[in-house]
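Student: this one's structure only:
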């Protein structure tokens, strides 16, 4: 039974996962970050001790490593523990942990996290993988304290999930940003787009995305498409993107 | 005071606008569609008469023309009326109506509409433009029966709004579709992405999109980006899109 957790990393995911664990009554033993400032900030937020040297890590039942992929090996080799160690990376295979630890796994909550926006973990899929069924059982019990959707996902599957998450979250958010820029340029308020953004997301809760599609590209409305391309003539990057995505919508429609 | 409305067109927008008017207690006089089938279907749905010949259009206080842009002129020249005529197109200037009618305007609800998904008009921005202040006042009164957000938007502004709507709705929905395809290919359930999609939309209700961004591109995490590009090596179109959008995120981040 996992009763105490150490957090290695103080980024968006570590922050929100730490808060969720605290709220679920699982005490955080300590947090580590490379920099004093972010270690202290997260330690204060989670009301636990903090450290900037991994050799000072005290024993706990679980160590959650949530650092940038590039920093992972450097961090892992400094952690000396017999406890379960998990990472939270979407695109990192579980076996990266094998050379360093006896009990290990992956604890991947599929969500977009920002430090200053607290999210409810209840509906978030928590994707688990573990080095043994015993470790899996422990991680599952922990996951179920946070979420109703805990499930086994292999390293292979997780890679695809992560890629799909980049398309449906990060790229989507970038389109929101481009919409914001277009409006800002003409002194129009982003508020105007909010009901549209919400309904677009809401639609695919019940419809398949390809059945939810509307707009000029799916209607093959070349007259509007050409107007839009003209409107973007001063912004070649966005014009290129407009053309590419519209063509991709064409192709998807034809394949229906 | 607009007391009766005729609908010319039986597409997604016409259908949902007709339903909203009916619900608001504004009787639909008749609906027109080029094809018998869609005219009848919408007439039955709205419990009003339907026609497939515009010369049979009976008098009403307002004619709402909601047809594909390419068909607009052909339709307009067949409408003989002294009533107010509006179109609902995002990218069509109001003045396209001037040669045909004495009183005219634009009634543009900024939303994505599908025939089979009923939406609440309450939060939808209704963007108005009119040939005179008297016509504007009439359209405003009508709009306010449907929505809390009725506002004047010029033809110039509406073009930009429509373009931004394509980015933040149609293109966004296409990314949902691509995410769905990626998962389908590996036997994974689109359900897994739903909390992410909702939270991504929800975030920008309170944060600026550029402040809400997460993921490998905004972190300059080249290791993950290269893994994702590799994963897409069999799908050159998606790979190209991944590269283009990631680069666009880079640039947006640098400009912060």
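Tutor: Structure received. These numbers come from a predicted model, not from an experiment.

Student: these two touch, right, residue A:203 and residue B:116?
Tutor: No: using Cβ atoms under 8 Å, residue A:203 is not in contact with residue B:116, being 10.6 Å away. Placement of C-beta: from N, CA and C, glycine included.

Student: buried residues in stretch A:108-116, which are they?
Tutor: For stretch A:108-116, the neighbour count (16 or more other Cβ atoms under 10 Å in any protein chain shown) marks A:108-115 as buried.

Student: cool, stretch A:243-256 as well?
Tutor: For stretch A:243-256, a neighbour-count test (16+ other Cβ under 10 Å) marks A:244-246, A:248-249, A:252 as buried.

Student: that stretch close to chain B?
Tutor: Yes: for stretch A:243-256, a contact with chain B is found by Cβ under 8 Å from any Cβ of the partner chain, at A:244-245, A:248-249, A:251-252.

Student: what's next to the helix ranked longest in chain A, contact-wise?
Tutor: Identified as the longest helix of chain A according to DSSP state H is helix A:236-254. Contacts with helix A:236-254, where a contact means Cβ atoms under 8 Å, 6 or more residues apart in numbering or on different chains, come from A:178, A:182, A:210, A:213, A:215-218, A:220, A:225, A:228-229, A:232-233, B:166-167, B:170-171, B:174, B:177-178, B:237, B:240-241, B:244-245, B:248, B:251.

Student: so where do the strands sit in chain A?
Tutor: With DSSP state E, the ranges of strands along chain A come out as A:5-8, A:28-32, A:49-51, A:62-65, A:84-87, A:104-109, A:125-130, A:149-152.

Student: what sits against the residue of chain A most remote from its centre?
Tutor: Distance from the centre of chain A peaks at residue A:223, with 38.5 Å (Cα atoms, centre = their mean). Applying Cβ under 8 Å, 6+ apart to residue A:223 gives the contacts B:69-70.

Student: how about the one 10 residues further on?
Tutor: The neighbourhood of residue A:233, defined by Cβ under 8 Å, 6+ apart, consists of residue A:239.

Student: so how far is residue B:108 from it?
Tutor: Distance, residue A:233 to residue B:108, by Cβ to Cβ, to the nearest Å: 23 Å.

Student: repeat that for residue A:46.
Tutor: 49 Å.

Student: ok, residue A:250 next?
Tutor: Taken as Cβ to Cβ, the span from residue A:250 to residue B:108 is 25 Å.

Student: for whichever residue of the stretch 51-200 of chain A sits closest to chain B, give me the pLDDT.
Tutor: In the stretch 51-200 of chain A, the residue found nearest to chain B is residue A:170; the distance is 3.4 Å by Cβ to the nearest Cβ. Per-residue pLDDT puts residue A:170 at 98.

Student: what do you get for residue A:253?
Tutor: Note for residue A:253: predicted pLDDT of 81.

Student: ok, now residue A:256?
Tutor: Note on residue A:256: pLDDT of 51.

Student: thinking again about what came up before, any idea how far the nearest residue to the residue of the stretch 51-200 of chain A closest to chain B once chain neighbours are set aside is from residue B:204?
Tutor: Distance criterion Cβ to Cβ, 6 or more residues apart in numbering or on different chains; nearest residue to residue A:170, sequence neighbours excluded, is residue B:215 at 3.4 Å. From residue B:215 across to residue B:204, the span is 15 Å (Cβ to Cβ).
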